[in-house]
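S.K.: Structure of the sequence below:
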Amino acid sequence: MIGPDGGNLGVVPIRQALQIASDAELDLVEVSPGATPPVCRVMDFGKFIYEKTKKEREARKSQTKIEVKEIRLRPKTNEAHRGFKVDDARRWLNQGHKVRVTIKFRGREMDYPEIALEDLKEIATDLSDISMIEVPPQMEGRTMLVVLAPSKGGAKKKEKTEKAEVQAETKT
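M.R.: Down below sits the predicted model:
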């Protein structure tokens, strides 16, 4: 048993433990029921619950939520349009979001999945400096998709190399 001041009182009978808790005007709380003998503590249970929920709330606030942004294309999407989409994906990856690139097939386009696979590979290589492939290209029904995640330090490395190049040019 742990007393109201936090000190170890040793093994105490239940009646005596309840008496100690009522004398201190606190609650007797079983902290570790699996231990032999079970560990109990004299404390204010309401205050304990309040502090526990407060810690959980703080932990939830500090969690980062990763959004998955999506780019939708078709096998017949031209290079210029795909370039705009890749630029959007680059911006999202720099912000720390994941990007799902999907290519939707219609009609007889299903007969040529290699076209879509080639497009996905090109997009992945265009973004390889700031991202890594989290889910490789795969078919799901009439869509083929790939998921890109921001690589750790990818954007920072690129900025550092650009700064180094600029400094090298100014020195010469």
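S.K.: Report the distance from the top strand by length along the chain to the chain centre.
M.R.: In the chain, with assignment by DSSP state E, the single longest strand is strand 131-140. Centroid separation for strand 131-140 versus its chain: 18 Å, with Cα atoms, centre = their mean, to the nearest Å.
S.K.: Kindly report the same for stretch 30-39.
M.R.: For stretch 30-39, the distance to the chain centre is 35 Å (Cα atoms, centre = their mean).
S.K.: follow-up on the earlier one: average model confidence for the longest strand of the chain?
M.R.: Mean per-residue pLDDT for strand 131-140: 90.
S.K.: Which neighbouring elements make contact with the helix or strand containing residue 55?
M.R.: Using DSSP states H and E, residue 55 maps to helix 45-62. In this structure, helix 45-62 packs against strand 27-32, with contacts taken as 3 or more Cβ pairs under 8 Å, 6 or more residues apart in numbering; DSSP states H and E. Yep, even glycine has a C-beta here, placed from its N, CA and C like the rest.
S.K.: Alpha carbons of the strand it packs on, as PDB, please.
M.R.: Output of strand 27-32 as PDB, limited to C-alpha atoms (Å, rounded to 0.1, in the frame of the first residue of the first chain):
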ATOM      1  CA  ASP A  27     -10.000   7.300  -1.600                       C
ATOM      2  CA  LEU A  28      -8.400   3.800  -1.600                       C
ATOM      3  CA  VAL A  29      -7.600   3.000  -5.300                       C
ATOM      4  CA  GLU A  30      -6.300  -0.300  -6.500                       C
ATOM      5  CA  VAL A  31      -3.400   0.600  -8.800                       C
ATOM      6  CA  SER A  32      -2.000  -2.700  -9.800                       C
END
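S.K.: by contact count, what packs against it?
M.R.: Against strand 27-32 (3+ Cβ pairs under 8 Å, 6+ apart) you get helix 14-23, strand 39-43, helix 45-62.
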